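# Below: sequence and its predicted model.
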Amino acid sequence: MAEIPGRPLRILLAKLGMDTHTVGITVVAHALREAGMEVIFTGLKQTPEAVANAAIQEDVDVVGVSSLSAGHTRNLPRLAQLLKAQGAADKLLVAGGVIPEEDLPLLQAAGFAKVFTMGTDTRDIVAYLRAWWGTRGAPQPPQP
Amino acid sequence: MDIAAEVLAGRVAAGARAIRWLDDGDLRGREVLRAIFPATGRAHVVGITGPPGAGKSTLVDMLITEERRRGRRVAVLAIDPTSPFTGGAILGDRVRMSRHALDAGVFIRSLATRGAHGGLSRSTYDATLVLDAMGYELVIVETVGVGQEELDIVRLAHSTIIVAVPGSGDEMQAMKAGLLEAGEILVLNKADREGCEATCRHLELLLHLREGGDGAGAWRTPLLRAVAARGEGGDAIVAALDAHRAYLQGSGEFERQCARRCEAQFLALARAGVLAQLQVRAGAALLEEVRARRLDPYSAAERLLAPLRAGACG
């Protein structure tokens, strides 16, 4: 039985707008759970406002947005903007799905640290998040 | 403003951060708890429990709607299991409550059990205190789908709603084994399903038998039907919750329950602290003696506890 660490990474996985393609986000969710992370789902057809609220209420470390049917150039920057406005700029923002190369600069400028484009191996997503979590400083030991 | 003051002012981000600290065992969480504790003890803590798939999250969603209609601010702690193999968890309860995502009077937080048994996380009680201090009038705690003995929620909540569904004899077994004895309100969800009447009769019989020994003036557990997915039956459940709260307050039981909870938490923390201390004190020497069979476990334990017995507790 694996040891349960005192401070697992918490990540919110969201889908914005009318995009209802859930296979990718489900596979990613399971991979992250297998890697010992706490994965919170918000459900489908969410607005950037709803996802920002959920990220704050859940006090997650990372917000991941899956986008497979366009809309990302509008929804993703909006989400980043809402989080900043509500003092939650400390959360890591990542995205994944069908996102063309030419949109990457726009998303990066909006505050998305990483975009996992089509064909990304889930192990690479886990490795990326673990490396980032490692830079967040040593977690305090859990108290009895 | 420090986090504790922000929690007392009802700031969502501060409350969320305080719960995170408490969940992670971060010492800053205790600082917050110390500061807010005198302001707690007002919220009505309601537990929702029942077997997996009974519709607990959907029922919570309906209750939020009903309580908001009455103008009350509502917080929800939704608990899902942590994988004992990887330490990870998928927390999906808020999906069923997503229509409340933009309501400033609703706070929803998902918690993973993180190795705790009994249907709750170790941090659940602390989290209810934070939400209480934030001014939420109702704090709903949704447990993981429970089996026969995982009933920590009964000790945590003022009022516990047991959710059952028609059919399935196996679930009835679980109810007989303890769930039914635990709750103050019994809800038969998915009441539009086949087998509803038979299950209802069965549950009524069990409730009747259970109440045989109760004196006059005691709380009588109501059996309510609901179809939470269609929003049916919520009104009666909220009315029953209000009645139960009034009953608790009228009998002085509300304060007694709060006191019992504080006491239990104090003893649990003290117990954990003593155990940790003992483990340190046992040291390598004593353990080695036992390992080498030079000392039996009983004598070793006695030797370890001797200083406590000698009057240190007096």
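Structure received. Numbers count the residues shown, from 1 in each chain, chains lettered A, B, ... in the order given.
# Residue ranges in chain B under the pLDDT threshold?
B:1, B:147-150, B:168-179, B:211-216, B:311-314 (pLDDT under 70).
# now the strands: where do they sit in it?
B:44-49, B:74-80, B:89-91, B:106-112, B:138-142, B:159-164, B:185-188, B:223-225 (DSSP state E).
# now these in CSV, with mean neighbour count and distance to residue A:129?
Bear in mind the C-beta positions are built from the backbone N, C-alpha and C, glycine included. CSV is the format used below for those (neighbours: other C-beta atoms under 10 Å in any protein chain shown; distance: least, C-beta to C-beta, whole Å):
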stretch, mean neighbour count, distance to residue A:129
strand B:44-49, 26, 32
strand B:74-80, 26, 20
strand B:89-91, 24, 15
strand B:106-112, 25, 17
strand B:138-142, 27, 28
strand B:159-164, 26, 35
strand B:185-188, 24, 40
strand B:223-225, 18, 44
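# Redo those strands as JSON lines? Include distance to residue B:277.
Shown next, in JSON lines, are these (distance: least, C-beta to C-beta, whole Å):
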{"stretch": "strand B:44-49", "distance to residue B:277": "31"}
{"stretch": "strand B:74-80", "distance to residue B:277": "30"}
{"stretch": "strand B:89-91", "distance to residue B:277": "31"}
{"stretch": "strand B:106-112", "distance to residue B:277": "28"}
{"stretch": "strand B:138-142", "distance to residue B:277": "31"}
{"stretch": "strand B:159-164", "distance to residue B:277": "34"}
{"stretch": "strand B:185-188", "distance to residue B:277": "42"}
{"stretch": "strand B:223-225", "distance to residue B:277": "48"}
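# will you turn those into TSV that also has distance to chain A?
What follows is these, written out as TSV (distance: least, C-beta to the nearest C-beta, whole Å):
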stretch	distance to chain A
strand B:44-49	18
strand B:74-80	9
strand B:89-91	5
strand B:106-112	5
strand B:138-142	14
strand B:159-164	21
strand B:185-188	23
strand B:223-225	27
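# quick one: which of the ones you listed is nearest residue A:96?
Ranking the strands of chain B by proximity to residue A:96 (C-beta to C-beta) places strand B:89-91 first, at 17.0 Å.
# Quick one: residues in contact with the closest one.
A:8, A:29-30, A:33, A:38-41, B:78, B:80-83, B:110-113 (C-beta atoms under 8 Å, 6 or more residues apart in numbering or on different chains).
# The strands of chain B: which one's closest to residue B:16?
Here strand B:106-112 is closest among those (C-beta to C-beta), at 6.9 Å.
# Show me the strands paired with the closest one, marking each as parallel or antiparallel.
Using DSSP bridges, strand B:106-112 pairs in its sheet with strand B:74-80 (parallel).
# what's near enough to touch the closest residue to residue A:37 other than its chain neighbours?
Once flanking residues are discounted, residue A:37 sits nearest to residue A:9: 4.7 Å by C-beta to C-beta, 6 or more residues apart in numbering or on different chains. By C-beta under 8 Å, 6+ apart, the residues touching residue A:9 are A:36, A:37, A:38, A:61, A:62, A:129, A:130, A:133.
# related to what we said a few turns ago, list buried residues within the contacts of strand B:89-91.
A:8, A:29, A:33, A:38-41, B:78, B:80-83, B:110-113 (16 or more other C-beta atoms under 10 Å in any protein chain shown).
# What parts of the stretch 51-200 of chain B come near chain A?
B:82-92, B:94-96, B:98, B:101-102, B:107-110, B:112, B:114-115 (C-beta under 8 Å from any C-beta of the partner chain).
# let's see 10 Å
By C-beta under 10 Å from any C-beta of the partner chain, the residues of the stretch 51-200 of chain B that approach chain A are B:75-76, B:78, B:80, B:82-104, B:106-116, B:122.
# how far does stretch B:6-26 sit from the chain's center?
How far stretch B:6-26 lies from its chain's middle: 18 Å, per C-alpha atoms, centre = their mean, to the nearest Å.
# what do you get for stretch B:59-73?
19 Å.
# Wait, residue B:227 touches residue B:237, no?
No. In this structure residue B:227 lies outside contact range of residue B:237 using C-beta atoms under 10 Å: 11.9 Å.
# ok, these two, which is more surrounded?
Higher neighbour count among residue B:227 and residue B:237: residue B:237, with 22 against 19, using other C-beta atoms under 10 Å in any protein chain shown.
# Could you double-check that the more buried one lies in contact with residue B:66?
Yes. Counting by C-beta under 10 Å, residue B:237 does reach residue B:66; the two are 7.4 Å apart.
# Quick one: the helices in chain A, in order.
A:23-34, A:48-57, A:72-85, A:104-110, A:122-134 (DSSP state H).
# Can you tell me which of those helices is packed in deepest?
With neighbours taken as mean count of other C-beta atoms under 10 Å in any protein chain shown, the helices of chain A reach their highest mean count in helix A:48-57, at a mean of 23.
# How far off centre is that helix?
Using C-alpha atoms, centre = their mean, the offset of helix A:48-57 from its chain centre is 12 Å.
# That one packs against which elements?
With contacts defined as 3 or more C-beta pairs under 10 Å, 6 or more residues apart in numbering or on different chains; DSSP states H and E, the packing partners of helix A:48-57 are strand A:10-15, strand A:38-41, strand A:62-67, helix A:72-85, helix B:12-24, strand B:106-112.
# and of the ones you listed, who's closest to residue B:46?
Using C-beta to C-beta, the helices and strands packed on helix A:48-57 put strand B:106-112 closest to residue B:46, at 14.3 Å.
# Nearest to residue B:283, out of the helices and strands packed on helix A:48-57?
Nearest of these to residue B:283, taken as C-beta to C-beta: helix B:12-24 at 28.9 Å.
# Can you give me the buried ones in that closest one?
In helix B:12-24, counting by 16+ other C-beta under 10 Å, buried: B:12, B:14, B:15, B:16, B:17, B:18, B:19, B:20, B:21, B:22, B:23, B:24.
# filter those residues by proximity to chain A?
B:12, B:14, B:15, B:16, B:17, B:18, B:19, B:20, B:21, B:22, B:23, B:24.
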